[in-house]
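K.L.:
fold the following for me, if possible:
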Amino acid sequence: MRAVIFDIDGTLLDSVDLHARAWVDAFRHFGIEVEEAAARSQIGKGGDQLMPVFVPKERLEKDGKAIESYRSDLFKREYLDKVRPFPAVRKLFQHAKRQGLTIALASSGKKDEVEHYQKILGIADLVDVVTSSDDAERSKPHPDIFEAAAAKLEGIDKSEMIVVGDTPYDAEAARKAGLSTLGVLCGGFPEADLSAAGCVEIYKDPQDLLDGFARSPLGRDR
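P.N.:
Have a look, this model is predicted:
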């Protein structure tokens, strides 16, 4: 491997529950009742793919942009300052860089959110390539975001890249983009779901991946 593409929410940041609550609150504001567990099961998708699960087509055409805008503002106002990094993220990135890997971020979040997340994580100086929802027409599980990241990793073949993500939607999107995925369990999705979606190996969290780095696809043959 020459490059690793990281998802952010649920992979590097403990933010999945907060995103789910923001969606529940936003839907409720528009008179749509959604259980938090149901919303949580869809986190990892962008709003373009998440909202159709809960909002009828006619209502989505009428209010979809307003719902997503309200949710985005609500998250920044009420939840963003509660987001915390998982342990050892910076150490994992530092080790990956020492091993000669190029690091990319690929998130369904907005560009300004991804920039803020890098500050929270303290990794901006270690990241080579960043993609967000602004770089993709469709969010995960469509491959657009990973295709955009791969395109920015100039001179590196897809066979030399691997994705790290916490949801089946990451693995599905990566597979469609011709990329393999390492799964992490810290986002809360069952190991069986990650395996079924195609993750080649599964780790508990960034610390576990760092501890097993040499034996993982990131460290083998280096």
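
K.L.:
any regions of this protein where pLDDT drops low?
P.N.:
220-222 (pLDDT under 70).

K.L.:
in the lengthiest helix in the chain, which residues are buried?
P.N.:
Assignment by DSSP state H gives helix 57-74 as the longest helix of the chain. Neighbour-count burial for helix 57-74 flags 63-64, 67-68, 70-72, 74 (criterion: 16 or more other Cβ atoms under 10 Å). Just so you know, the C-beta spots here come from the backbone N, C-alpha and C atoms, and that holds for glycine as well.

K.L.:
now those residues as TSV including distance to Gly188?
P.N.:
TSV is the format used below for the buried residues of helix 57-74 (distance: Cβ to Cβ, whole Å):
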residue	distance to Gly188
Asp63	28
Gly64	26
Ile67	24
Glu68	23
Tyr70	25
Arg71	20
Ser72	22
Leu74	21
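
K.L.:
looking at the residues you listed, which is nearest Ala37?
P.N.:
Relative to Ala37, the closest of the buried residues of helix 57-74 is Arg71; by Cβ to Cβ it sits at 17.6 Å.

K.L.:
how about the contacts made by the closest one?
P.N.:
With contact set as Cβ atoms under 8 Å, 6 or more residues apart in numbering, Arg71 has these partners: 22-23, 25-26, 47.

K.L.:
tell me the domain ranges of the protein?
P.N.:
3-15+84-215, 16-82 (automatic domain parsing).

K.L.:
single out the most deeply packed of the ones you listed.
P.N.:
Comparing the domains of the chain by mean neighbour count (mean count of other Cβ atoms under 10 Å), domain 3-15+84-215 ranks first with a mean of 20.
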